[in-house]
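[1] Predicted model, plus sequence, below.
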Amino acid sequence: MSAPRFQLADELLRRFAASLRSAQLYSPGHPIIARNLASLSAAFQMLHGLQPTVTIGLVGEEVIVDDMPMARADALGPFVRRLQQAGVERITVDRGVTVDEITTFLAAITTIDARDSNAAESFPAIAHVRVGRVTVEQRIEGSLTDMATIKRLYSDAVTVAGNIWDSAQTDGRPDATAARSMIDGLAQAVAQNRTALLALTTLKNYDNYTFTHMVNVSILTMGQARGLGIDGPLLREFGLAALMHDIGKVRTPLDILNKPDKLTDAEFLIMKRHVVDGAEILRMTPDVPALAPVVAFEHHLRIDGSGYPSGVNRSALNIGTMLCSIADVYDAMRSQRHYQKAFPTDRILAVLQRNDGTQFDQHLVRRFVQLIGIYPVGNLVRLNTGETAVVMNVYAPDPYRPHVRVLIDRDGKRLDLPYELNLWEPAEDPQRPASVVAPLDPADYQFDPLLLM
């Protein structure tokens, strides 16, 4: 760490805190505000003489400037508290920032409250100033037994995934602070209500495939890890690594990344670079676990030595990689895209089980089948006697006979009082449903089956 750079960063924080304090205490136009703004602008110019971008972040109990831990948050008390109240954990300021832009930003910081549901929209667009996290909740509002609450959590996670992707494109590295906050919420949900959260990964949002895929792979990886007894900080590391597994694609040319047709051999060679690019990006990103670049690099390698990067030999793959790879293949195959129809779960699981276990660890695949089932939780299904039901729980010994909630009777009438059945339980009545015969598309119905779970 260079001493002059550290001293300049320390001076910048002190002047930032003084400018924010004067903006809160004095009316606009007061000479003290003008003097502090001029000093803050000069501090930015000094640091911008060494680098094009300056990033101030709150990471745990520390204030960070770029990659330098500067001080504990309590040492900058009012300054840090105001940022937290505004829902800001990361500020990126580019070379060329003007005094007017700093003034606009400070005015926003002093007035915006993260508890306001419209806080994110209240931040003005400023050419040379960006905030990295706004109104990402510190805790989950509502019960994790409530499907509507978990659905909001999932939707928020997809939004944050988009912001993380954008920060990787614009800044060269993803917003790790936002990622960690989002993973904390998802890990809490996986620990408390894994079944309901896994159900949300069945949602098909084709417009946001990249971001829903990031979130789905993270949830599916943590779901598997939780089933293996992994919990706490390590569970979150697995989730964050899985979330970032494809981050190298921010360097893939858009005409290849978004191509509606199948890639040519030459284009596929370019696409395959994303594993190396991802590992490099994550290795250079502060505050991401060491597991993340490993998973980014390995997630297309297979245990028989196939896959890519070509020529890479591993005596064994990381357990995080193997869980992420299973989740990645599963979610990609069940998602409909321009060049690929969504495959049913039984076909996807057959792909994971093929080659006598030479590509994927079959013990992990077997556990994954027990976790997901042939008809995953949240799927709308047709029963053998004609009723329509939503899958509530998977029954591992017989994946064709899950626990379901019947919503529509065999005559097509919506039930006022849905009822639940364990399809695996034997029954003497031949009219009683006994198995699932086919999945159904919830888009064909006038209700959301997930909210009826």
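    Okay, I see it.
[2] Give me the next element, helix or strand, following the worst-scoring helix or strand of the chain on mean pLDDT.
    Least confident element among the helices and strands of the chain, by mean pLDDT, DSSP states H and E: helix 119-122 (a mean of 55). Per DSSP states H and E, helix 119-122 leads on to strand 129-131 as the next helix or strand towards the C-terminus.
[3] In the stretch 251-400 of the chain, mark out all the strands, start to finish.
    380-383, 388-393 (DSSP state E, counting those that start in this stretch).
[4] can you pull the contacts of residue 172?
    Counting by CB atoms under 8 Å, 6 or more residues apart in numbering, residue 172 touches 281, 284. Any C-beta I mention is one placed from the backbone N, CA and C, and that applies to glycine too.
[5] Please repeat the previous calculation with a cut-off of 10 Å.
    53, 250, 251, 281, 284, 285 (CB atoms under 10 Å, 6 or more residues apart in numbering).
[6] okay, those residues in JSON lines with neighbour count next?
    Below are the contacts of residue 172 laid out as JSON lines (neighbours: other CB atoms under 10 Å):
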{"residue": "53", "neighbour count": "16"}
{"residue": "250", "neighbour count": "22"}
{"residue": "251", "neighbour count": "18"}
{"residue": "281", "neighbour count": "23"}
{"residue": "284", "neighbour count": "12"}
{"residue": "285", "neighbour count": "22"}
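[7] State the pair within these that is farthest apart.
    53 and 251 (18.0 Å; CB to CB).
[8] so how far is residue 184 from the residue positioned nearest the centre of the chain?
    The C-alpha lying nearest the average C-alpha coordinate of the chain belongs to residue 215 (CA atoms, centre = their mean; 4.0 Å). Using CB to CB, to the nearest Å, residue 215 is found at 14 Å from residue 184.
[9] Give me the common contacts of these two.
    With CB under 10 Å, 6+ apart as the test, residue 215 and residue 184 both reach residue 239.
[10] quick one: low-confidence parts of the stretch 201-350 of the chain?
    For the stretch 201-350 of the chain, the stretches with pLDDT under 70 are 203-207, 336-344.
[11] can you give me the helices in it?
    209-227, 232-243, 254-257, 265-271, 274-283, 291-298, 319-333, 345-353 (DSSP state H, counting those that start in this stretch).
[12] can I get those in a markdown table with distance to residue 439?
    As requested, the helices of the stretch 201-350 of the chain are exported to a markdown table (distance: least, CB to CB, whole Å):
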| stretch | distance to residue 439 |
| --- | --- |
| helix 209-227 | 17 |
| helix 232-243 | 25 |
| helix 254-257 | 30 |
| helix 265-271 | 30 |
| helix 274-283 | 31 |
| helix 291-298 | 30 |
| helix 319-333 | 14 |
| helix 345-353 | 8 |
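[13] Could you point out which of those helices sits nearest residue 422?
    So among the helices of the stretch 201-350 of the chain, helix 345-353 is nearest, using CB to CB, at 20.1 Å.
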